[in-house]
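> return atomic coordinates for the entry below.
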Amino acid sequence: MNDNSDSTDDISSAGPNAPVSLDIATALLRDGRVEEWNRLRADHPDWRPDLTKVQLTGAQLPGVNLAGCKLTVANLIDANLANADLREANLRLAVMNTCVLVGAQLEGTALFHANLQGADLRNAHMKNTKTRDAYLLDAILVGADLSGQNLAWTQLAGAYLDGANLHRTDLTEADLSRCRLVGADLSEAVLDGADLTEADLTDAKVDGADFSNATLDDAVITGVDFSKARVIDREQLAAAASE
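Okay, the predicted model is just below:
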């Protein structure tokens, strides 16, 4: 699978060794027939259908196996993918606003430029998830493990990251304005140029974090010990502390 593909060709093939036509395969998904779909995947483990541009708005697919599938430019608005297996799936440019991804397996999933505004990603498994340039505005990522991820330039304004693990995460130039980071672990994270305007960092752990050129206007920093963090603009930090 090529994560760098930007193909937006129309759906035309169910892929090699397809057990059913693509029309039937997509109908199973649209109708929420997860058990039948998963049985097909289990019986044909090499089958990775090309679901580019598939329309699954509001589909009820908890526990569905979409591992390795190509879902570029897919429409998954309001879809229920709780506990779904999306490992190594390609969701580049997918539209996933307010999608439910609670407990979903997203290890190695490509979410480049995907729109996940308002999506619920609580307890999602996100080891090596490719989220660079994804839109995660107002997304729910409470307790998410994003340690070591490359989230540079990611749009996270208004996201809920309370208790999230962001240890060594690259958040260069990320938009974290209005973001809730209460109790989050930002130790050794790179926040160079990040926008933390009005972010709530109450009790966050920031040891070794790089705040070079970060904006902290009106941020809430109650209980945060910046003594071991790299903060360039001490005046801005003092201003935030006085709010």
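> what residues are up against the spatially most central residue of the chain?
By Cα atoms, centre = their mean, the mean C-alpha position of the chain lies nearest to residue 131, the distance being 5.6 Å. Shown here is residue 131, whose contacts under the criterion Cβ atoms under 8 Å, 6 or more residues apart in numbering are 111-112, 114, 146, 149-151, 154. No exception for glycine: its C-beta is placed from N, CA and C like everyone else's.
> hmm, 7 Å instead?
Taking Cβ atoms under 7 Å, 6 or more residues apart in numbering, we find residue 131 in contact with 111, 149, 151, 154.
> what's the closest non-adjacent residue to it?
Nearest residue to residue 131 in three dimensions, chain neighbours excluded: residue 111, at 4.9 Å (Cβ to Cβ, 6 or more residues apart in numbering).
> pretty sure the one you found is touching residue 93, no?
No. The pair residue 111 and residue 93 fails to qualify as a contact (Cβ atoms under 7 Å) at a distance of 9.5 Å.
> show me where the chain has helices.
Listed in chain order, the helices found in the chain under DSSP state H are 22-30, 34-43, 234-241.
> for residue 140, find the nearest of the ones you listed.
Go through the helices of the chain one by one with Cβ to Cβ and the one that ends up closest to residue 140 is helix 34-43, at 22.9 Å.
> and the closest one, what does it pack onto?
With contacts defined as 3 or more Cβ pairs under 7 Å, 6 or more residues apart in numbering; DSSP states H and E, the secondary structure elements packing on helix 34-43 are helix 22-30.
> I'd say residue 168 and residue 150 touch.
No. Contact between residue 168 and residue 150 fails when scored by Cβ under 7 Å: they sit 10.5 Å apart.
> quick check: which ranges of this protein have low pLDDT?
1-17, 232-233, 239, 241-243 (pLDDT under 70).
> tell me which stretches of it form strands.
Shown for the chain, no strands are assigned by DSSP state E.
> show me the contacts for the residue nearest to residue 228 when sequence neighbours are not counted.
Sequence neighbours aside, residue 207 is the residue nearest to residue 228 in space, at 4.5 Å (criterion: Cβ to Cβ, 6+ apart). If you count contacts by Cβ under 7 Å, 6+ apart, residue 207 has them with 187, 228-229.
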